[in-house]
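A.B. asks: here are the coordinates; sequence isn't available:
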Ligand SMILES: O=P(O)(O)OC[C@H]1O[C@](O)(CO)[C@@H](O)[C@@H]1O
């Protein structure tokens, strides 16, 4: 850690903002001491403001309104004097020497007083992380430990059994990958004589990490190329299978699902198995499962005798599973050095155990998030990597941050409606897409630039105009955008790495995993469950159940002689679901678009006139 402290400390100046009195007085009775951002006046250039504000912790919705009104940064809210800014830069710069990673938080306007006020909360968060790493039930709703940090440092696992499990799983992944890549394990009926492709079937945390890492790190000619089925979109699945063509015979299918019962993943598997049948291929000889022991997927793979099975541990969440078999097996098969990824993550974890805020990069990120979003997600996190290979980092972080932090209730059961929205693609491409709005439009975000210093492998660079390389342009675009945004009071963080390597990617993943954990502690939420996802899944199940009833009703009417086309009202009545008529309409419109329901009268554009029937009568269904 090479934080150079003290250089920038100027004499503290006190500037208490007059806030909206009406709101303040309304809330005053319920106020508790709580760190909030002081607002600077145009004349105030000091970095060391001391301001104490109080806001209502009990009412986050109100809090966000108060902060929008009373604490919103104005044009003069951020330091603009170049000399003071340089001192601030130097004062707060974090460097991880071994990783060659820098974190610049100077373009986020937190004050020293804010940092002081947050100190107690940070110390509590550090203690919570320490407990978590020791094996505490950090996910209380699901009664689970949270152990993704042990994956890169197994000796930290809370007992020898878990340590051995982790080590064995890693050895098994590496040795299986070696055997596949070397051709020791062969596909049964491929003329190539070895596996050439990976088809990864999984969704959410069972896809996003492997996708990000493949895009970031796979060599130009990997030993096995990877494709993904990460949805239940039939056309998307067909596309992936069609792209494989005859190479399906040399494709290793890795089905990834922690629960082993996610419908999209099951559907992907069924579709792939059908393609194998149609091609006359023996799926189990090319199938690999990564899942929890005894899950539906695990049992299926065991009973059918799939080529291999790898564990997903109960104490590793989907969105933090990149360093488990979920991420390591696909990576190793593409020739990516997974032990280097783990080493990078372990080094970053070590740094993030510091209880000194300035020395802890994850805590610094969490501090910036809290400041920028008022601790209530009032601003979005825009992730802008200036490197094509990091394109999917923002998509990866979207799940990590939003599924972890987007929670209705806090750990005490109070309504919190927490979260931070994440989006972004890559610079400088986004310069020509939405940066216009960031610079001048609605001020509802903060940016994180990801900078990669090495433009190209050594020896490959050239000057496309005197003294300037292509990479210099990319560098210039990043620095220019950072400056232009800041000049308009748009805050930004910059994370800098030397190169995109397994080590630096491992470190980046670890950095954000820990920042999410720390931030969750700061705002007192459980970062490790996802109850909200269940509501959508349940509702989808209900739609499919209703569709079965609609089909039965239409079938009965279509088996009559003559066929009896039905109106939507008639279908809804016969389904005993008049209140679901809109959903019934959508089900029928979807079936009609796929030639599974036929329109006798009217059109889907005028639902009242619609009369439908089925093209065929299914007699078996009639008496089922
Ligand atoms: O690995 P599984 O169990 O198939 O789950 C996939 C994804 O679904 C979720 O459970 C909910 O979207 C994610 O947390 C998870 O990463």
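C.D. replies: Cool, the structure landed. Predicted, not measured: the structure shown is a model, and the values here were computed from it. Numbering: from 1, shown residues only.
A.B. asks: could you list the contact residues of the stretch 351-500 of the chain toward the ligand?
C.D. replies: With Cβ under 6 Å from any ligand atom as the criterion, the stretch 351-500 of the chain comes near the ligand at residues residue 403. Where C-beta positions appear, they are placed from N, C-alpha and C, glycine not excepted.
A.B. asks: if you go through the stretch 351-500 of the chain in chain order, where are the strands?
C.D. replies: 380-385, 422-423, 445-452, 463-465, 468-469, 492-497 (DSSP state E, counting those that start in this stretch).
A.B. asks: pipe those strands into JSON lines and attach mean pLDDT and mean neighbour count per row.
C.D. replies: As requested, those are exported to JSON lines (pLDDT from 0 to 100; neighbours: other Cβ atoms under 10 Å):
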{"stretch": "strand 380-385", "mean pLDDT": "98", "mean neighbour count": "24"}
{"stretch": "strand 422-423", "mean pLDDT": "98", "mean neighbour count": "18"}
{"stretch": "strand 445-452", "mean pLDDT": "98", "mean neighbour count": "23"}
{"stretch": "strand 463-465", "mean pLDDT": "97", "mean neighbour count": "10"}
{"stretch": "strand 468-469", "mean pLDDT": "98", "mean neighbour count": "13"}
{"stretch": "strand 492-497", "mean pLDDT": "98", "mean neighbour count": "23"}
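A.B. asks: will you turn the ones you listed into JSON lines that also has distance to residue 554?
C.D. replies: Formatted as JSON lines, the strands of the stretch 351-500 of the chain follow (distance: least, Cβ to Cβ, whole Å):
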{"stretch": "strand 380-385", "distance to residue 554": "45"}
{"stretch": "strand 422-423", "distance to residue 554": "42"}
{"stretch": "strand 445-452", "distance to residue 554": "48"}
{"stretch": "strand 463-465", "distance to residue 554": "65"}
{"stretch": "strand 468-469", "distance to residue 554": "65"}
{"stretch": "strand 492-497", "distance to residue 554": "56"}
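A.B. asks: which one of those strands lies nearest to residue 150?
C.D. replies: Nearest to residue 150 among these is strand 492-497; the distance by Cβ to Cβ comes to 24.4 Å.
A.B. asks: which helices and strands sit right next to the closest one?
C.D. replies: strand 101-104, strand 445-452, helix 470-487, helix 502-522 (3 or more Cβ pairs under 8 Å, 6 or more residues apart in numbering; DSSP states H and E).
A.B. asks: which outside residues touch that strand?
C.D. replies: 99-105, 107-108, 365, 368, 446-453, 482, 485-486, 504, 507-508, 511 (Cβ atoms under 8 Å, 6 or more residues apart in numbering).
A.B. asks: relative to helix 470-487, how tilted is it?
C.D. replies: Angle of strand 492-497 versus helix 470-487, following axes from the mean of the first three to the mean of the last three Cα atoms, to 10 degrees, is 150 degrees.
A.B. asks: give me the mean pLDDT for stretch 295-311.
C.D. replies: Throughout stretch 295-311, pLDDT has a mean value of 98.
A.B. asks: is any residue of that stretch near the ligand?
C.D. replies: No. Using Cβ under 6 Å from any ligand atom, stretch 295-311 never reaches the ligand; the gap is at least 8.3 Å.
A.B. asks: where does pLDDT dip in this protein?
C.D. replies: 1-76 (pLDDT under 70).
A.B. asks: residues contacting the closest residue to the ligand within the stretch 501-624 of the chain?
C.D. replies: Across the stretch 501-624 of the chain, no residue is closer to the ligand than residue 533, which sits at 3.9 Å (Cβ to the nearest ligand atom). Contact analysis of residue 533 by Cβ under 8 Å, 6+ apart lists residue 403.
A.B. asks: can you tell me the element it falls in?
C.D. replies: Element membership for residue 533, per DSSP states H and E: helix 531-558.
A.B. asks: list the buried residues for that helix?
C.D. replies: Buried residues in helix 531-558, defined by neighbour count with 16 or more other Cβ atoms under 10 Å: 546-547, 549-558.
A.B. asks: of the contacts of strand 492-497, grab the buried ones for PyMOL.
C.D. replies: The PyMOL selection below is limited to those of the contacts of strand 492-497 classed as buried (16+ other Cβ under 10 Å):
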select buried, resi 99+100+101+102+103+104+105+107+108+365+368+446+447+448+449+450+451+452+482+485+486+504+507+508+511
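A.B. asks: next, the contact list for the closest residue to the ligand within the stretch 301-450 of the chain, please.
C.D. replies: Residue of the stretch 301-450 of the chain nearest the ligand, by Cβ to the nearest ligand atom: residue 318 (2.5 Å). Taking Cβ under 8 Å, 6+ apart, we find residue 318 in contact with 204-206, 258, 326.
A.B. asks: from residue 293, how far off is the residue of the stretch 501-624 of the chain closest to the ligand?
C.D. replies: Plainly put, residue 533 is 23 Å away from residue 293 if you go by Cβ to Cβ, to the nearest Å.
A.B. asks: same question, residue 262
C.D. replies: The gap separating residue 262 from residue 293 is 17 Å, by Cβ to Cβ.
A.B. asks: neighbour count for the two, which is higher?
C.D. replies: residue 262 (22 against 13; other Cβ atoms under 10 Å).
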